[in-house]
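**Student:** What follows is a predicted protein model with its sequence.
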Amino acid sequence: MSPVQTMPPRSYHIGKDDLGADILEVAMGPHHPSTHGVFRMDLKLDGETVVDLKPVFGYLHRNHEKIAEDITYPMSMPFTDRLDYLCGMTNNWAYALSAEKLIEIKVPERAEYIRVIVAELTRLVNHCLLIGFFVNDLGALGTPLLYALREREKILDLFEVLSGARMMVNYIRFGGVRCDPPDGWLKECQRIVDAFPAFLDEYETLLTENEIIIARAQNVGVVTREEAINFSLTGPMLRASGVNYDIRKVDRYGIYDRFDFKVPIGGHGDCYDRFMVRMLEMRQSVKILKQAIRDLPEGEIMGKAPKIFRPAPGEAYGRIEAPKGELGFYLISDGTPIPYRFKVRPPSFVNLTALRHMCLGHKVADAVIILGSIDIVLGEVDR
Amino acid sequence: MNNYFDLKLVELGRWIEAFFAHYPTLKLVVHLLLCTLPLALSFMGAFAFTTWLERKGLARIQNRPGPNRVGLFGLLQPIADGIKMLLKEDIVPERSDKLFHFLAPIMLMIPAMIGVGFLPLGDGLHALPLDSAIIFFFAISSLNTIAVFMAGWSSRNKYSLLGGMRAVAQMISYEIPLVLSAVAVIMMAGSLNAQEVVASQQISSWVGSGNILQEFFGRILGWNVFKPWGFAGFIFFFIAALAEANRSPFDLPEADSEIIAGHLTEYSGFKYAILFMGEYISAFAIAGIGVTLFLGGWNGPVFAGLPWFVLKLFSLFAVMIWIRGTLPRLRVDQLMGYAWKFLFPLAILNIFLAGFYHFLERQWGTAIAMLAGWLFGFGALQLAAIALSRLNQSPTIRSKRVYQLVE
Amino acid sequence: MSLIGKGILKGMGVTAKNFFQSYYRKERLPTVEYPEEKATINQFSRNFPFLLYDGDDPVDGMRCTACTLCERACPPQCIYIIKDKDENGKAILSPRIFDIDTSVCMSCQLCVEVCPYEAIRMDSAFELSNENRFEGLLLNREELLKPNAYYHEIHPLEARETDDRMAAKAALAEAKKKARQKRARLAAKNKPPPGLKKTPPTRKKPPQREKSE
Ligand code: SF4
Ligand code: SF4
């Protein structure tokens, strides 16, 4: 039985524990080394055990949705980079996808392949970085994180050559991508993708068998299959709980039906599974990347997008499997070039809802790693 | 030739003291100063060097260049840091307990410095040559728990308080395996005197023999770490020492990813520097006693004495840095469990192993004792360790996880 | 049964490998020591926009025609344009004021994409820190104007493409003009060229900034 079940949920306004001792209230954050940005956990601690937790966020709220309802559709694209600032490419894609649903645009073959390549590279970036942060939260003084940053740098260099910027890429456009990869880019990409498994091997040797990580992360922050579904978790969080749900497989958006890849599934739904699922997903991403680079056709990169993007009244919801989970953009058009409603379904925000449930009954140190294993980026949570 | 440095240093001391031969009181003062001042200063210097070593080592482990701006290879970085610390504002939280907030760094520094005094740094280089030095050392070194808790409590910060509480729990728990693993050595050496413990770690029949090879190896192979019980004891001691010194993976009191900096959170400026230094010097003291108990103290071929001691001390520190660069941190309950359910029984078992070895050695000589000790004794210890670790882990952790890859 | 601590030992092996290899393998020590050694900027990187001019005189050779397309396309509204007027108060096709607030600009390149006159391009200079965070980062027309040669220097590939495109356009315009002149001469009819008609902005203008002229 997990500690969560043995521990009855308590009301937030609790002052004393069973022995009459005071409950320690700790406001962890918004300035705390491991809340991944400006996130606050209001903890109630009985000794070191978390008896209640209230997530407080909004410190990074930048009014993304409201701004987007005030400007034209294409002008929102650069703002999406800043949602989950580690994965600009997938954010771009998700937005482009929903806009392409709103106004029928056929995306050319080559653009689709390039999109897959950049999205999978983004997944590599996000996952290796997240694992670094996760182990950092476990207390490893940044060594795995710095290895991850070292590898990420190479991919960011690729992005810089491709799009001009390393993180705020603003690369994908409605109906295609902004520009063709320059000469030699593909070769460089191939080289980096080929070298990536070696780094993954190193990373796995360093981390997966480490007894301390196993002791710390296994059976911590368990979310069962049913709970995961009820919390509407997505992405690696959901798959770690044993649900086979990957939008790349379910929706087969873009051209994902052409690639041969598998979805890793965890069995326990704890922090270790979340970490391992991401580790294994990176291998699958490398597999997809190899196929995509091999098959990349010649041709156009932009479909026939109208000069002024003025969709007919209607609505569209486009979603993709972003590295953190289901990233969706919901657009309502009233026939003007400015969206009537612009709604983001951010994966880390929704995944964060399970935080309290996962943390109750665990120690403070566990609360930190559970938060780390959710993989939040506050830019996306607060928008 | 062997104890050249130590003899020269002792001679130097005598020479200085000789100036004051006609003033007995002054001579005593000078004697005391000569015993303590160089020790304090050299350990502070060693602290400065270690911060550099640690930053550089960690940096290289993490594929960074590390400090390289101040001086050659950034060697002057500790000095720059010291100046920075001195010049920084000393912030005391308004509602803190000012007296204890002020006293905590001092309270940490004093036992650390006294602890260092018990170390036999070389032949004759021994500031506090007590007959019961080792017991005294453990008694004094456990005092810094109080200082850490004082720092945690007086800061009036919840993170500090958590850090202080963790520190108390951790240091008290790990004191036991620490001392128990030392007991085996004391038992075998038959003395609590640090110099005698060091002396017991030579193969005495070889050392004086005049044969170069025997001279050489007689000063190495006698180290306790090369005996089965000594090896196991050294590992337990080292683990417990890491915890005692709040070093990774047991750096819970100052776990930066959980409780900011634990008891150090509210310290700044020079007080922080002193606390930091106190922790390092306690770590030195514990590493030093580890060297004394298990690694043959200042014993070593060619340059026996201070050089060997320093070398071993820094090697131990290098390993600590290496561990810090690799391992994540344990959780607080696992930490306690590890001390009480794992190290504690094993350390007790190790005492029996030492007794077994001693018996064998008496009966059939060293060679047989070594063989039997390594094979059976050590095997038994391994088995016990495995059994304990299985007992302590929940079944889900024990089984290896397999991950499905589905379409 | 595996040895206790095997995973830890393996991990220690990895870190030891990284420690030693950082001394002799370049990819294990990727640090660029910044002030001495600048990170190489590739020709595709972008930072903040600048204005292009042809010829020698920045103001005369300015390509920008103050069409304000970029001003309207800029998502954070950090471009501010005022059209120039001649002595008679008639609008002429060049900006009197063209400001970009680089503290607001988010380097998105949308202004570059909408400009029909290839007048605005992305710079890749990155050492822009300034003591005055308000005026210092608000770049005016003179600070923004850079020669085409500079463009060729930082983005050679893109600049060549742009030049080709402009040459093609110019040739086309030339041909058209000739044809039109011919027609004009034939018809002997004279119509003034239609001015750029501005579509009314769909949203409010950004608040006017203080300008020192
Ligand atoms: S780069 Fe983007 S934000 Fe900057 S001026 Fe151009 S359109 Fe505006
Ligand atoms: S779009 Fe080009 S020509 Fe028009 S105002 Fe902007 S820079 Fe000038």
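**Tutor:** Good, I have the coordinates. Residues are numbered from 1 along each chain as shown, chains lettered A, B, ... in the order given. Ligands and ions are numbered 1, 2, ... in the order given.
**Student:** after the worst-scoring helix or strand of chain A on mean pLDDT, next one along is what?
**Tutor:** Across the helices and strands of chain A, the lowest-confidence element by mean pLDDT, DSSP states H and E is helix A:3-6, at a mean of 43. Tracing the chain past helix A:3-6, the next element assigned as helix or strand by DSSP states H and E is strand A:24-28.
**Student:** what lines up beside that next one in the sheet?
**Tutor:** Paired strands of strand A:24-28, with direction, are strand A:40-46 (antiparallel) (DSSP bridges).
**Student:** Would you mark the buried spots in the next helix or strand after the strand it pairs with?
**Tutor:** The helix or strand immediately downstream of strand A:40-46 is strand A:49-56, counting by DSSP H and E. For strand A:49-56, the buried set under the neighbour-count rule, 16 or more other C-beta atoms under 10 Å in any protein chain shown, comprises A:Thr49, A:Val50, A:Val51, A:Asp52, A:Leu53, A:Pro55. Backbone N, C-alpha and C define where each C-beta goes, glycine included.
**Student:** got the angle for strand A:49-56 vs strand A:24-28?
**Tutor:** Direction vectors for strand A:49-56 and strand A:24-28, defined by axes from the mean of the first three to the mean of the last three C-alpha atoms, to 10 degrees, enclose an angle of 40 degrees.
**Student:** Packing partners of the helix or strand following strand A:49-56?
**Tutor:** Next in sequence after strand A:49-56, counting helices and strands by DSSP H and E, comes helix A:64-68. Contact partners of helix A:64-68 among helices and strands, from 3 or more C-beta pairs under 8 Å, 6 or more residues apart in numbering or on different chains; DSSP states H and E: helix A:77-81, strand A:341-345.
**Student:** does any part of helix A:64-68 sit near ligand 1?
**Tutor:** No. With C-beta under 6 Å from any ligand atom as the measure, helix A:64-68 is seen stopping short of ligand 1, the closest distance being 12.9 Å.
**Student:** which stretches of the chain have low pLDDT?
**Tutor:** This is for chain A. A:1-21 (pLDDT under 70).
**Student:** that answer is for a different chain, and I need it for chain C
**Tutor:** Applying pLDDT under 70 to chain C flags residues C:1-4, C:189-213.
**Student:** Which stretches in it count as strands?
**Tutor:** Assigned by DSSP state E, chain C shows strands spanning C:49-53, C:79-85, C:91-101, C:120-122, C:138-139, C:145-147.
**Student:** wait, isn't B:Leu125 in contact with B:Val10?
**Tutor:** Yes. Counting by C-beta atoms under 8 Å, B:Leu125 does reach B:Val10; the two are 7.0 Å apart.
**Student:** Which stretches in chain B count as strands?
**Tutor:** Secondary structure of chain B, counting by DSSP E: strands at B:404-406.
**Student:** So the residue lying closest to C:Asp54 once chain neighbours are set aside versus chain B, what's the distance?
**Tutor:** Computed as C-beta to C-beta, 6 or more residues apart in numbering or on different chains, the closest residue to C:Asp54 that is not its neighbour in sequence is C:Gly61, at 4.3 Å. Distance, C:Gly61 to chain B, using C-beta to the nearest C-beta, to the nearest Å: 45 Å.
**Student:** which ones are touching C:Gly61?
**Tutor:** Listed by C-beta atoms under 8 Å, 6 or more residues apart in numbering or on different chains, the contact set of C:Gly61 reads C:Tyr53, C:Asp54, C:Gly55.
**Student:** Kindly present these as JSON lines, with separate columns for distance to B:Glu215 and neighbour count.
**Tutor:** Compiled in JSON lines, those are given as follows (distance: C-beta to C-beta, whole Å; neighbours: other C-beta atoms under 10 Å in any protein chain shown):
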{"residue": "C:Tyr53", "distance to B:Glu215": "85", "neighbour count": "21"}
{"residue": "C:Asp54", "distance to B:Glu215": "87", "neighbour count": "14"}
{"residue": "C:Gly55", "distance to B:Glu215": "88", "neighbour count": "10"}
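**Student:** Tell me if the helix or strand that contains A:Glu281 is near chain B.
**Tutor:** A:Glu281 is part of helix A:271-295, with elements assigned from DSSP H and E. Yes. When contact is scored as C-beta under 8 Å from any C-beta of the partner chain, part of helix A:271-295 falls within range of chain B: A:Tyr272, A:Asp273, A:Met276, A:Val277, A:Leu280, A:Gln284.
**Student:** Counting neighbours, which of those comes out on top?
**Tutor:** When those are compared by neighbour count (other C-beta atoms under 10 Å in any protein chain shown), A:Asp273 ends up highest, at 28 neighbours.
**Student:** Please verify my assumption that B:Leu143 contacts B:Ala112.
**Tutor:** No. At 9.0 Å, B:Leu143 does not count as touching B:Ala112 under the criterion of C-beta under 8 Å.
**Student:** Would you convert the helices and strands packed on helix A:64-68 into TSV that also reports distance to ligand 2 and mean neighbour count?
**Tutor:** Converted to TSV, these look like this (distance: least, C-beta to the nearest ligand atom, whole Å; neighbours: other C-beta atoms under 10 Å in any protein chain shown):
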stretch	distance to ligand 2	mean neighbour count
helix A:77-81	17	24
strand A:341-345	25	19
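**Student:** so which of these comes closest to A:Glu120?
**Tutor:** A:Glu120 lies closest, by C-beta to C-beta, to one member of the helices and strands packed on helix A:64-68: helix A:77-81, at 17.7 Å.
**Student:** And that closest one, what does it pack against?
**Tutor:** For helix A:77-81, the helices and strands in contact under the criterion 3+ C-beta pairs under 8 Å, 6+ apart are helix A:64-68, helix A:88-102.
**Student:** Just the C-alpha atoms of the longest one, please, in CSV.
**Tutor:** Coordinates of the C-alpha atoms in helix A:88-102 are reproduced here as CSV (Å, rounded to 0.1, in the frame of the first residue of the first chain):
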residue,chain,number,x,y,z
GLY,A,88,10.1,26.1,-28.9
MET,A,89,9.8,23.8,-31.9
THR,A,90,7.1,21.6,-30.6
ASN,A,91,5.1,24.6,-29.3
ASN,A,92,5.4,26.2,-32.8
TRP,A,93,4.2,23.0,-34.3
ALA,A,94,1.2,22.6,-32.0
TYR,A,95,0.1,26.1,-32.8
ALA,A,96,0.7,25.7,-36.5
LEU,A,97,-1.3,22.4,-36.4
SER,A,98,-4.4,24.0,-34.9
ALA,A,99,-4.2,27.0,-37.3
GLU,A,100,-3.8,24.6,-40.2
LYS,A,101,-7.0,22.9,-39.0
LEU,A,102,-8.8,26.2,-38.9
